[in-house]
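Trainee: this one's structure only:
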């Protein structure tokens, strides 16, 4: 039987070596379905196919004898095998284009919610500054209902408005990362939940900025650009370089169309925008300044003091904390502080894209009294938790704002309230 099988194998090899493909073999190859190599047959169709073959040289060994110890003795002989290939030409089918809502400047009418009262307990000759950290305004869009679930905490943002009305500060410093812009970065896997969420984020982001500006119309308002705002810039540079720094009508004095200044209309609502991240900083006096943040490490408070040699208030790491040191000068001493202001985004697990499901984050707000013509200053941190803040002997409770946001914005009807405190009884 073995000799008969060998003869049949030799016959098949001879046929292939002569370029003949057995009909059964050709039929088994050409009958394969046109969806090949993982290509989607709904998107592609096969227009032509062909079976090819080529010879593959090899060496075969036959046993001719055995050694005394039992090991076989081989003889090598040249041999050729024919390998077959299947080629197919694919043509893309015409698909219906997917339409996305275009990015557009935000134009909303805002109903003012709070009004500043005369400032209390302000030292003579000193100014007051309010530092607003990282709300990371953005949304996850439910794929079944289309409802927008916020990554920001509206309770914490409402507390900021109430504290601003109470303090009536001379300066309001937005510490950056006002918008989350998750769908503009490749740092995290791009979930479908974040698609088409930029426009609603711009609308609600501007709603809160306008509320803050209307509450304290006389305050100097500064907007520090953070690493999340830089996601738009980096996306343009990496993928759409020709759109970077394009300005309306080519006017050199205008903000670029895809800048935060243009998309949030910051200049129109009274905010001065700093240099791009990480270069932006706001100086309040000779020994006090604000930055977005250069590090998210837990030890950043001491590091920023040692690097800048002045008091620094930053956001970025989403933790509240302060380290202090005393600078020694000839005939003088000056305490300085490294302050991290926390955040205003949601801290419940798995909501804001991060490196872990449960992050060591705290919500907070910082205010400072400072001598605008010197170096003296005092910095205070106040924690916000579950829509409540204890501030200079006062208790601030978050008030529902969802109904007002829904009324003032185009996307409001689809906004998820998330927390009961955000729905009016």
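Mentor: Sure, I can see it. Keep in mind the model is a prediction, meaning the values are calculated, not measured. Numbers count the residues shown, from 1 in each chain.
Trainee: From here on, just use CA atoms for contacts and neighbour counts.
Mentor: OK.
Trainee: Regarding the protein, what is its longest helix?
Mentor: In the chain, assigned by DSSP state H, the helix with the most residues is helix 198-215.
Trainee: Whatever helix or strand comes next after that one - contacts with which helices or strands?
Mentor: Sequence order places strand 220-223 as the next helix or strand after helix 198-215, per DSSP states H and E. Contact analysis of strand 220-223 by 3 or more CA pairs under 8 Å, 6 or more residues apart in numbering; DSSP states H and E lists strand 171-174, strand 271-273 as its packing neighbours.
Trainee: could I get those strands as JSON lines with mean neighbour count?
Mentor: JSON lines is the format used below for the helices and strands packed on strand 220-223 (neighbours: other CA atoms under 10 Å):
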{"stretch": "strand 171-174", "mean neighbour count": "24"}
{"stretch": "strand 271-273", "mean neighbour count": "18"}
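Trainee: I'd like to know which of these lies nearest to residue 50.
Mentor: strand 271-273 (62.6 Å; CA to CA).
Trainee: Can you list the strands that that closest one pairs with?
Mentor: With DSSP bridges as the test, strand 271-273 is paired with strand 220-223 (parallel).
Trainee: which residues are contacting the helix or strand just after the strand it pairs with?
Mentor: Per DSSP H and E, strand 220-223 leads on to helix 230-239 as the next helix or strand towards the C-terminus. By CA atoms under 8 Å, 6 or more residues apart in numbering, the residues outside helix 230-239 that reach it are 181, 184, 185, 242, 243, 244, 258, 259, 276, 277.
Trainee: and the host helix or strand of residue 54, what does it pack onto?
Mentor: Using DSSP H and E, residue 54 maps to strand 44-66. With contacts taken as 3+ CA pairs under 8 Å, 6+ apart, strand 44-66 sits against helix 23-30, strand 72-92.
Trainee: quick one: average pLDDT of stretch 187-197?
Mentor: The pLDDT scores in stretch 187-197 average 83.
Trainee: residue nearest the centroid of the protein?
Mentor: Compute the mean C-alpha point of the chain, and by CA atoms, centre = their mean the closest residue is residue 182, 2.8 Å away.
Trainee: Which residue lies closest in space to that residue, excluding its sequence neighbours?
Mentor: residue 194 (6.9 Å; CA to CA, 6 or more residues apart in numbering).
Trainee: Report the contact partners of the one you found.
Mentor: With CA under 8 Å, 6+ apart, residue 194 has these contacts: 139, 140, 141, 182, 183.
Trainee: sorry, back to before: what distance do you get for the residue nearest to the centre of the chain to residue 245?
Mentor: 21 Å (CA to CA, to the nearest Å).
Trainee: swap in residue 110?
Mentor: Counting by CA to CA - residue 110 and residue 245 are separated by 29 Å.
Trainee: Count the neighbours of residue 203 for me.
Mentor: 24 (other CA atoms under 10 Å).
Trainee: State the distance from residue 91 to residue 49.
Mentor: 12 Å.
Trainee: How about residue 69?
Mentor: 55 Å.
Trainee: picking that back up, buried only: go through the contacts of helix 230-239 for me.
Mentor: Burial by neighbour count, 16 or more other CA atoms under 10 Å: within these this picks out 181, 184, 185, 244, 258, 259, 276, 277.
Trainee: List just the nearest of these to residue 83.
Mentor: Looking across the buried ones among the contacts of helix 230-239 and measuring by CA to CA, the closest to residue 83 is residue 185, at 46.2 Å.
Trainee: if we can go back for a sec, how about the helices and strands packed on strand 220-223, which one is nearest residue 357?
Mentor: strand 171-174 (26.5 Å).
Trainee: residues making contact with the closest one?
Mentor: 127-133, 219-224, 290.
Trainee: So which of those wins on neighbours?
Mentor: Going by other CA under 10 Å, residue 133 tops the contacts of strand 171-174 with 30 neighbours.
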